[in-house]
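Participant: A predicted structure for the sequence below; I have some questions about it.
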Amino acid sequence: MSYKNVEVKKKANVYHDGKVTSRTLITSAGEMKTLGVMLPGTYRFSTQAPEVVDVTQGHCRVKLAGDQAWVDYEAGQSFEVPGNSHFEIEVTELLDYVCHFGPG
């Protein structure tokens, strides 16, 4: 997967003491995406807009708000998070991802 003719925000997005980092890009069509890396650990994130997360490398388990069960994801798979919600993610090995943001 590659993106052409994009605007890249210079400032890094840094979360959880630097264990999760990403860069924001805006496509020529105006879509916002982040390209990031998560180190092993368990994290909680809140959402404003709906998100689709593509796992491009590694493995994780995700528990969406209101769910009791964790669901496994690995490279080549994606998961969706509703807007105005949250999710927990357990990363078991370095995770490379692309996050696509929908209209909020």
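Facilitator: Arrived safely, thanks for sending. Treat the numbers as computed from the prediction; the structure is a model and nothing was measured.
Participant: end-to-end on stretch 16-35?
Facilitator: 16 Å (CA to CA, to the nearest Å).
Participant: Report the residue spans of the protein with pLDDT below the cut-off.
Facilitator: Applying pLDDT under 70 to the chain flags residues 104.
Participant: Could I get the full set of strands for the chain?
Facilitator: Here the chain has its strands, by DSSP state E, at 7-8, 13-15, 20-26, 32-38, 41-46, 51-64, 71-74, 78-81, 86-101.
Participant: Format the ones you listed as a markdown table; extra columns: distance to M1 and mean neighbour count.
Facilitator: (Glycine included, C-beta is placed from N, CA and C.) Shown next, in a markdown table, are these (distance: least, CB to CB, whole Å; neighbours: other CB atoms under 10 Å):
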| stretch | distance to M1 | mean neighbour count |
| --- | --- | --- |
| strand 7-8 | 16 | 10 |
| strand 13-15 | 19 | 13 |
| strand 20-26 | 12 | 17 |
| strand 32-38 | 10 | 19 |
| strand 41-46 | 22 | 14 |
| strand 51-64 | 7 | 18 |
| strand 71-74 | 16 | 14 |
| strand 78-81 | 12 | 16 |
| strand 86-101 | 7 | 18 |
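Participant: Pull the contacting residues for S46.
Facilitator: In this structure, S46 makes contact with S85, H86, judged by CB atoms under 8 Å, 6 or more residues apart in numbering.
Participant: just C60 next, same as before
Facilitator: Contacts of C60 (CB under 8 Å, 6+ apart): M38, D72, Y73, E74, I89, E90, V91, T92, L95.
Participant: which one is the first one nearest to, not counting chain neighbours?
Facilitator: By that I understand M38. L95 (4.2 Å; CB to CB, 6 or more residues apart in numbering).
Participant: Understood, closing this out.
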